[in-house]
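J.: following is a predicted model, sequence given first.
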Amino acid sequence: MKYLFASLALLAVGVPAWAAPQTVTLSVPGMTCAACPVTVKQALSRVSGVEKIDVSLDKKEAVVTFDDTKTNVAALTKATENAGYPSSVQTVAARQRTL
């Protein structure tokens, strides 16, 4: 019985309850050709904690799912900027206009 409680306590400490994947849509207006989304995706994939990336040339956006205990939006926008494609968080109003 002691082992059960010890295991549960370790599990509770090892996995923070507040850790959850976050998704953000980045506006990347500088994408103009078919190679641009590939470059943006590669840059974002190098950021530790990024779990999923969908880049759209047509919408000029990147939808990124990431672990917020390992990275943040600033690191994502910095990664695209360093690759030559400055980005910013897309607002809800802007997203609705593109739908």
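T.: Everything's here; your move.
J.: next, work out how far apart Ala83 and Thr91 are.
T.: 23 Å (CB to CB, to the nearest Å). (C-beta placed from N, C-alpha, C; glycine too.)
J.: neighbour count for the two, which is higher?
T.: Using other CB atoms under 10 Å as the criterion, Ala83 and Thr91 rank with Ala83 on top: 19 against 11.
J.: ok, and what's touching stretch 66-79?
T.: 16, 19-24, 26, 43-44, 46-51, 64, 86-89 (CB atoms under 8 Å, 6 or more residues apart in numbering).
J.: just stretch 25-45 next, same as before
T.: 50, 53, 55-57, 60-64, 76-77, 79-80, 82-90, 94-95.
J.: now do the SS call for the spatially closest residue to Ala79 that is not a sequence neighbour.
T.: The shortest distance from Ala79 to any non-neighbouring residue, by CB to CB, 6 or more residues apart in numbering, is to Ala43 (4.6 Å). Following DSSP: H, G, I helix; E, B strand; the rest coil, the label given to Ala43 is helix.
J.: what about Ala43, how many neighbours?
T.: 22.
J.: can you give me every residue that contacts the residue nearest the centre of the chain?
T.: For the chain, the residue nearest the mean C-alpha position is Val64 (3.3 Å; CA atoms, centre = their mean). Val64 makes contact with 23-26, 44, 50, 52-53, 76, according to CB under 8 Å, 6+ apart.
J.: switch the cut-off to 7 Å
T.: By CB atoms under 7 Å, 6 or more residues apart in numbering, Val64 lies in contact with 23-24, 26, 44, 50, 53, 76.
J.: helices of the chain, start to end?
T.: 2-14, 35-45, 73-82, 92-98 (DSSP state H).
J.: for the residue nearest to the centre of the chain, which residues count as its bridge partners?
T.: Val24, Ile53 (DSSP bridges).
J.: ranking the helices of the chain by mean pLDDT, which is last?
T.: Of all the helices of the chain, the minimum mean pLDDT falls on helix 2-14 (a mean of 47).
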